[in-house]
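**Student:** Mind looking at a prediction? Sequence and model below.
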Amino acid sequence: MLQSMRINGGSPINGTIEISGSKNLALPALAAALLTDKDVTLHNVPNLEDVKSMLNLLFHLGVDMGSLENGTITLTSKDLKTFNAEYDFVRKMRASILVLGPLVSRFKKASVSLPGGCAIGARGVDLHIKALEHMGANITIENGYINASAPHGLIGCDINFPISTVTGTENIIMAASLAKGTTRIINAAMEPEITALAELLIGMGAKIKGHGTSIITIVGVEALSGTSFTILPDRIETGTYAIAAALTNGKLLLKNCKYDHLSSFFETLHLAGIANKVYRRVDCEHDDIEVWRERDIINPVNIQTAPFPGFATDLQAQFMTLMTICDGTSSITENIFENRFMHIPELSRMGANISVYGKTAIVTGQSYLKGTNVMATDLRASVSLVLAGLVARGETIVNRLYHIDRGYENIDCKLQMCGAKIERFTA
Ligand code: EPZ
């Protein structure tokens, strides 16, 4: 049954929100379990639809796994039943492409459906394929499937990505961990999830250096061992709730996050007139961050999305919602995906004043938004509409909630606990 969210705007969002584990680290970390026949135990795994999709795919492949309980799950990839990731799995979640590298590297073969496009763009995987071919994999594309084989294993080499690709970098780091010889990834993505994935693999015995920089060197090993690893906090969830506090003139304490993964984002929020205070936790390497709006008005700020450490494309839609009620005009340029403005028509229906010129949106702040029926189209566009509903006058109904449940754990409960008048219902 299709679920929707009913939101009555106007309440300031005040209180404390516990940040969940990172979706975009949990997905490659689960795929990494394919690289060893030993137990891989992951902690702080978020209970999300995308995580369930990845677990379903791994189970289909033949990975032994316990159940995900309180964020912890153990996976063991002894003998797989199949090396095929069928279209039905991959179309639901593009990140399924992350099983390609581990399967080819350890099991010497894989057949993974091409993910196809999605709402925000073509989302090609050509760079993943070219890189694996460069490492010696024989790859054919037939009937929408990537058929890869490397009977003698992959061979380490230099991989030069023409553009920064997060899952492309992740696929090759995992593949190179069991390749023969040394692989250097040049123009590697530098997102915190890449760094954390490398730490996970190093804990399994992989030899990796330079993670977090644009040149990552991996020296292949014969086999990898098991490990136990904790997923880092979700920086995009953190940024999303920071904007909820900013929008509604509330004050939130975001628990268990990593300020360093969002420093440029919080600097941008500060320019908009949003303050933050960081409490470094002594018991672990995480932080608590307090966020509030300093004055009644929100300053317009121009942004351009960019690979880390630039402004994250996954926070672009949420930031645009903030700018719809700013005191002036802001320009927002989306440089990563070619169609990541699907939230604009829906925000406009709520009274936002946004004009699009190519990959730049010009947002002229209004004094208020009006609640109405809106349609979710992709994960981050959907949450930008929930944020808009929190501050809009009247009632907003956000339809097609499955988009949101892919990437936000218990969003309605977390917001309700902080004063939001929000409820989920079956449409
Ligand atoms: C990852 O997607 C994230 N997903 C995305 O988060 C995020 O928006 C994106 O990185 C950018 O930060 C996961 O980590 C699971 P890319 P990914 O490869 O790896 C083009 C969310 O909302 N490209 O860095 O798929 C691509 O089309 C999701 O949580 C090719 O052309 O993104 C895009 O324009 C959405 N060919 C650009 O590169 C390729 O082979 C960057 O994509 C690979 C990428």
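**Tutor:** Thanks, I have it. Numbers count the residues shown, from 1 in each chain.

**Student:** same question for stretch 43-63, mean pLDDT?
**Tutor:** In this model, stretch 43-63 has a mean pLDDT of 97.

**Student:** Revised request: answer the last question for stretch 398-418.
**Tutor:** 95.

**Student:** For that stretch, buried residues please.
**Tutor:** 398-401, 403-409, 411-412, 414-415, 418 (16 or more other CB atoms under 10 Å). C-beta here means a position set from N, CA and C on the backbone, and glycine is covered the same way.

**Student:** can you check stretch 104-116 too?
**Tutor:** Buried-residue list, stretch 104-116, by 16+ other CB under 10 Å: Val104, Ser105, Arg106, Phe107, Lys108, Ala110, Ser111, Val112, Ser113, Leu114, Pro115.

**Student:** quick one, helices of the stretch 151-300 of the chain?
**Tutor:** For the stretch 151-300 of the chain, helices defined by DSSP state H, counting those that start in this stretch occupy the ranges 166-177, 192-203, 235-248, 263-271.

**Student:** Tell me the gap between the third one and the middle of its chain.
**Tutor:** On the basis of CA atoms, centre = their mean, to the nearest Å, helix 235-248 sits 15 Å off its chain's mean C-alpha point.

**Student:** Please apply the same query to the first one.
**Tutor:** When C-alpha coordinates are averaged (CA atoms, centre = their mean), helix 166-177 and its chain have centres 16 Å apart.

**Student:** and it, C-alpha only, in CSV?
**Tutor:** Provided in CSV are the C-alpha atoms of helix 166-177 (Å, rounded to 0.1, in the frame of the first residue of the first chain):
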residue,chain,number,x,y,z
VAL,A,166,32.0,7.6,-5.5
THR,A,167,30.8,4.0,-6.1
GLY,A,168,33.2,3.7,-9.0
THR,A,169,36.1,4.4,-6.6
GLU,A,170,34.5,2.0,-4.1
ASN,A,171,34.1,-0.8,-6.6
ILE,A,172,37.8,-0.5,-7.7
ILE,A,173,39.1,-0.3,-4.1
MET,A,174,37.3,-3.5,-3.3
ALA,A,175,38.3,-5.3,-6.6
ALA,A,176,42.0,-4.2,-6.2
SER,A,177,42.2,-5.5,-2.7
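
**Student:** Just confirm yes or no for that helix near the ligand.
**Tutor:** Yes - shown here: helix 166-177 in contact with the ligand (CB under 6 Å from any ligand atom) through Val166, Thr167, Gly168.

**Student:** interface residues of the protein facing the ligand?
**Tutor:** 23-24, 27, 95, 121-128, 163, 165-168, 313-314, 336-337, 379-380, 407.

**Student:** neighbours around the residue nearest to Ala352 when sequence neighbours are not counted, how many?
**Tutor:** Leaving out its chain neighbours, the residue that sits closest to Ala352 by CB to CB, 6 or more residues apart in numbering is Thr324, at 4.0 Å. Counted with other CB atoms under 10 Å, the neighbours of Thr324 add up to 28.
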